[in-house]
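Engineer: what follows is a predicted protein model with its sequence.
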Amino acid sequence: MRLAKYLLISAAFFFQLKVAQAQQSIRGYYVDAEGTRRDAEFQFTFDQEDYGEFVVLGEEPKRVLTPGKVKEVGFENGRLFQSETLPDSPEPVFVLVMRDGSLDLLKWQKNYFIRQEDQVVALKELTSTKDVNGQATKVVTKQYQGVLMSLLKPSPDQEDLSKAIRSSGLNDRDLSRIVDLYHEANGLAIDRTASEAQGRPFSAKIKVQAGVGIQSLVKNFENQGFSYQLESGMSTYVEAGVRFRDFRNAPRLFVDLGLAYYGESDRVLAEASRISYEFDGTQTFTSSSVVIPLEIHYIFSKGNTSEWYAGTGLSFWISSYENESAEFTLDNGEPTPATHQDDFVSRKPASVSPNLKLGWAKSLSSKSQLFVEAKGDLLLKNYEMRPLTYYAIYNLGVLSLSAGVAF
């Protein structure tokens, strides 16, 4: 009941936060059809590779840039998009320029292209099937390797370039390296701004946070009508870790890997009321846990400087538990109730718990965030109760409320 109450309080706290969901934007420029460069601020939510159009903010009516109406759009983060008509496509599209030099590497909807002057050539794998011992077998032909050898024409002394082409896969890393080697081997210039913007598949930030853990015993098995609860259920909670985010192909996702500590000094309260006896007892204890949480999150709402996210994952618990004192009374109607001082509580030393998380974050600067989180863990069969000959198993629910900084 205590844990449910705190969950309701936490939910009310989160949803009463007044978060300004202003339109997120990014600065940059565009080059119009006449070749004039104009600075602009664009509507922007997540860094992505494919755009059908770009919306310029601060103009009424709203200006929408579409392929063919502008030649180029550039963001301050280095992303570069150009209007281009691709092979087998009658209409121009905005392609991502991954390498900008004498030879350009382009990407559109996970397909790759090489542009040399006015010629645009697709890089493809061809898939076919052939019969092998009566079984249809899939065959993949790396046609793009032949195309690259034909276009780049590596000389006999450019062995590194030839080897890179022959061993390449159809992916960002290998194709970018080939284009870089081509420019280096031939002494040609390449725009490093566009290259660096494509070179970061994700970002990593250090995060630290602190708060409280609110713990509650949840019945798993009990065979004598006893009830058990923690007197306060409060514990100290601190965590440090790494936050991986800004994934190039999944910008709404991020992953946390942490190392946390929970410390508590509390009492287990036990009671039972039966026809033949009354039972009342307490067990004082101290406990601490080192926890390794691993969680994946989804950003479901994003504003100009803030975002809401939800996550799930697993927590790996290593717990140290020590009983300090115990006392329980068994009153069966005798003139003097029987009093015992035997420890009757134990805790499992290692557990794995599923967890759920709800969080809100606000940017403090271009490189740091303040965040507030509520996380729930459920440790199955974590506590055992053995007063006299009676036995019970309890799960442990943990609600962690914290605030922290990622930088």
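Structural biologist: Nice, thanks for sending it over. Numbers count the residues shown, from 1 in each chain.

Engineer: report the central residue of this protein.
Structural biologist: Central residue of the chain (CA atoms, centre = their mean): F254, 1.8 Å from the mean position.

Engineer: got the phi and psi for G241?
Structural biologist: phi -180, psi -160 (degrees, to the nearest 10).

Engineer: tell me, how many residues neighbour it?
Structural biologist: For G241, the neighbour count with other CB atoms under 10 Å is 20. Quick note: C-beta positions are derived from backbone N, CA and C, even for glycine.

Engineer: how about the one 10 residues further on?
Structural biologist: For P251, the neighbour count with other CB under 10 Å is 17.

Engineer: quick check, it in contact with E49.
Structural biologist: No. Look at P251 against E49 with CB atoms under 8 Å: they stay out of range, at 9.5 Å.

Engineer: show me the shaky parts of the stretch 1-150 of the chain.
Structural biologist: 1-23 (pLDDT under 70).

Engineer: how about E34, secondary structure?
Structural biologist: coil (DSSP: H, G, I helix; E, B strand; the rest coil).

Engineer: I should have written G78 there, sorry.
Structural biologist: Secondary structure, three-state DSSP: G78 is coil.

Engineer: for D100, see how far away it is.
Structural biologist: Distance of G78 to D100, computed by CB to CB, to the nearest Å: 10 Å.

Engineer: compare those two (neighbour count), which wins?
Structural biologist: Counted by other CB under 10 Å, G78 and D100 do not tie: D100 has more neighbours, with 20 against 17.

Engineer: wait, doesn't that one sit right on L188?
Structural biologist: No. Applying CB under 8 Å as the test, D100 and L188 come out as separate, 11.6 Å apart.

Engineer: now the helices for the protein?
Structural biologist: Using DSSP state H, the helices found in the chain span residues 2-15, 143-152, 159-166, 172-185, 192-198.

Engineer: packing partners of the second one?
Structural biologist: Packing partners of helix 143-152 (3 or more CB pairs under 8 Å, 6 or more residues apart in numbering; DSSP states H and E): strand 111-116, strand 119-123, helix 159-166, helix 172-185.

Engineer: next, count neighbours for K381.
Structural biologist: 13.

Engineer: what distance do you get for it to D88?
Structural biologist: From K381 to D88 the distance is 60 Å (CB to CB).

Engineer: now A250
Structural biologist: For A250, the distance to D88 - CB to CB - is 28 Å.

Engineer: between those two, point out the one with more neighbours.
Structural biologist: Comparing A250 with D88 by other CB under 10 Å, the one with more neighbours is A250, at 14 against 6.

Engineer: separation between G311 and A185?
Structural biologist: Distance from G311 to A185, by CB to CB: 46 Å.

Engineer: so which of those two has more stuff around it?
Structural biologist: Shown here are G311 and A185; by other CB under 10 Å, G311 has more neighbours (21 against 17).

Engineer: quick one, what contacts the nearest residue to F75 once chain neighbours are set aside?
Structural biologist: In this structure, F75 finds its nearest non-sequential neighbour in G28, 4.3 Å apart by CB to CB, 6 or more residues apart in numbering. Going by CB atoms under 8 Å, 6 or more residues apart in numbering, G28 touches 39-42, 73-76.

Engineer: could you list which of those belong to strands?
Structural biologist: The strands, defined by DSSP state E, take in 39-42, 73-75 from those.

Engineer: Y29: neighbouring residues, count only.
Structural biologist: 14.

Engineer: what sits against it?
Structural biologist: Y29 sits in contact with 37-40, 73-74, where contact means CB under 8 Å, 6+ apart.

Engineer: if we can go back for a sec, roughly how far does the residue nearest to the centre of the chain sit from F247?
Structural biologist: 7 Å.

Engineer: please apply the same query to P92.
Structural biologist: Separation of P92 from F247 (CB to CB): 28 Å.

Engineer: T284 now?
Structural biologist: 48 Å.

Engineer: is it true that A392 touches S227?
Structural biologist: No. Using CB under 8 Å, A392 is not in contact with S227, being 9.1 Å away.

Engineer: higher neighbour count, these two?
Structural biologist: Looking at A392 and S227 with other CB under 10 Å, you find the greater number of neighbours at A392, namely 23 against 14.

Engineer: need the contact list for the more buried one.
Structural biologist: If you count contacts by CB under 8 Å, 6+ apart, then A392 has 219, 221-224, 226, 228, 384-385 around it.

Engineer: equivalent analysis for E324, please.
Structural biologist: 284-286.

Engineer: one step back: any chance of the contacts of G28 in a markdown table, plus distance to L175 and neighbour count?
Structural biologist: Below are these laid out as a markdown table (distance: CB to CB, whole Å; neighbours: other CB atoms under 10 Å):
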| residue | distance to L175 | neighbour count |
| --- | --- | --- |
| D39 | 31 | 8 |
| A40 | 30 | 21 |
| E41 | 32 | 16 |
| F42 | 27 | 23 |
| V73 | 22 | 23 |
| G74 | 21 | 22 |
| F75 | 22 | 17 |
| E76 | 25 | 11 |
